[in-house]
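Asks: build me a model from this:
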Amino acid sequence: MSTSGPPAFEYPRRSVRLLSTRELSEVLGVSESSLKRWIDSGKIAATRTEGGHRRIELMEALRFIRDSHAQVARPDLLGLPNVTGPDVRLVDLLREGDAVGARGWLAARYLEGASVASLADGPIREAMHAVGELWHHDEAGVFLEHRATDACLQAIAQLRTMLPPSSPRAPCAIGGTPPGDPYLVSSQLSAMVAAEGGMRAVNLGPDVPPLALERAVTALRPKLVWISVSVPMAPARVTALGRALDTLPRATTVVVGGREAAGLKLPQRVVRGSSMADLAALVQSVIG
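Replies: Residues are numbered from 1 along each chain as shown. Predicted coordinates:
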């Protein structure tokens, strides 16, 4: 039997990493017998091998740590760098180009229970703004900014791997930055906010032409499209973007945000967002 429309996009399955009770007990700095009691009482979900040994999925371990505010004694057993304390500032790590330290800092805050949106609107935004101002005061400012951006992207990429995988049946969200906008961080964070909210997020990245966006919408059939604008747009590009957004299916919610989004003349259907918290709330309204 024939069907109309393009085939559904297939998302690859994540490989599942399993931890033994000994490994997770060392991660948490507790006895293995205590950990087994938590499993048997239902606090931690686990499977059993053919030999009857308990095994815990990595994502379940991360969930338990976040929900219980447990201390992490051995982050290396989770594949994470040393957890950095809150007395260290993210901006200082990025200024130094310390990607490992930045990864540990973001991982620590996430495991303590912070959402992606709160990290994006708070320490990440503050740090990247401060780093972006360096070129005003330092001859090496451009180099420092680029190095800091690379360190930030590494930390964000690791954080994305810590998010629970979305259901293959979850609604899709896609987005990127408009033509001429080379910034990577904001769209990556938007994808992570959508993923944390339960959507299948596809980040199209920077400098997305309107035609590429339209084709992605046709292929992926998203319920939500985000556009992150970090640099000023020429009037002709604003007009082209507006036309592209206006042709998207009416069932698709379109949100535009970013530091240069205010004042852009876009179709009335476009939702304006001023923060990642706004995007997180919109994701929940789309999912229903």
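Asks: could you pull out the helices in the stretch 151-288 of the chain for me?
Replies: Using DSSP state H, counting those that start in this stretch, the helices of the stretch 151-288 of the chain run over 185-196, 210-220, 235-246, 276-287.
Asks: for residue 258, which of those helices is the nearest?
Replies: helix 185-196 (5.8 Å; C-beta to C-beta). Any C-beta I mention is one placed from the backbone N, CA and C, and that applies to glycine too.
Asks: that closest one - what's its average pLDDT?
Replies: Per-residue pLDDT values across helix 185-196 average out to 97.
Asks: show me what it is packed up against.
Replies: helix 116-119, helix 141-161, strand 172-176, strand 200-205, strand 224-228, helix 276-287 (3 or more C-beta pairs under 8 Å, 6 or more residues apart in numbering; DSSP states H and E).
Asks: residues in contact with it: which ones?
Replies: 115-117, 120, 124, 128, 149, 152-153, 156-157, 159-160, 163, 166, 173, 175-177, 201-206, 224, 226, 228, 230, 257-258, 276, 279-280, 283 (C-beta atoms under 8 Å, 6 or more residues apart in numbering).
Asks: residue 56 belongs to a helix, doesn't it?
Replies: No - assignment of residue 56 by DSSP: H, G, I helix; E, B strand; the rest coil gives strand, placing it outside any helix.
Asks: deepest-packed of the helices of the stretch 151-288 of the chain, please.
Replies: Most buried of the helices of the stretch 151-288 of the chain, by mean neighbour count (mean count of other C-beta atoms under 10 Å): helix 185-196, with a mean of 25.
Asks: okay, the angle between it and strand 172-176?
Replies: For helix 185-196 against strand 172-176, the angle by axes from the mean of the first three to the mean of the last three C-alpha atoms, to 10 degrees is 170 degrees.
Asks: show me the contacts for the nearest residue to residue 223 once chain neighbours are set aside.
Replies: Sequence neighbours aside, residue 171 is the residue nearest to residue 223 in space, at 3.9 Å (criterion: C-beta to C-beta, 6 or more residues apart in numbering). Applying C-beta under 8 Å, 6+ apart to residue 171 gives the contacts 199, 200, 222, 223, 224, 286, 287.
Asks: next, the contact list for the first one, please.
Replies: Contact criterion C-beta under 8 Å, 6+ apart gives 166, 170, 171, 172, 173, 223, 224, 283, 286, 287 as the residues in contact with residue 199.
Asks: so where's this structure uncertain?
Replies: Along the chain, segments meeting pLDDT under 70 span 1-15, 83-86, 135-139.
Asks: domain parsing of it, as residue ranges.
Replies: 18-78, 90-161, 172-287 (automatic domain parsing).
Asks: now the last one, how far from the centre of its chain.
Replies: Taking the mean C-alpha point of domain 172-287 and that of its whole chain, the gap between them comes to 15 Å (C-alpha atoms, centre = their mean, to the nearest Å).
Asks: going forward, the N-terminal residue is numbered 634.
Replies: Shifting the count to begin at 634 puts that one at domain 805-920.
Asks: beta partners for the closest residue to residue 832 other than its chain neighbours?
Replies: Once flanking residues are discounted, residue 832 sits nearest to residue 806: 4.3 Å by C-beta to C-beta, 6+ apart. Counting by DSSP bridges, residue 806 forms beta bridges with residue 834, residue 857.
Asks: now do the contacts for the residue lying closest to residue 873 once chain neighbours are set aside.
Replies: Once flanking residues are discounted, residue 873 sits nearest to residue 843: 5.5 Å by C-beta to C-beta, 6+ apart. The contact partners of residue 843, taken as C-beta under 8 Å, 6+ apart, are 812, 873, 874, 876, 877.
Asks: let's have the residues you listed in TSV, adding distance to residue 663.
Replies: Output for the contacts of residue 843, formatted as TSV (distance: C-beta to C-beta, whole Å):
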residue	distance to residue 663
812	53
873	58
874	53
876	59
877	54
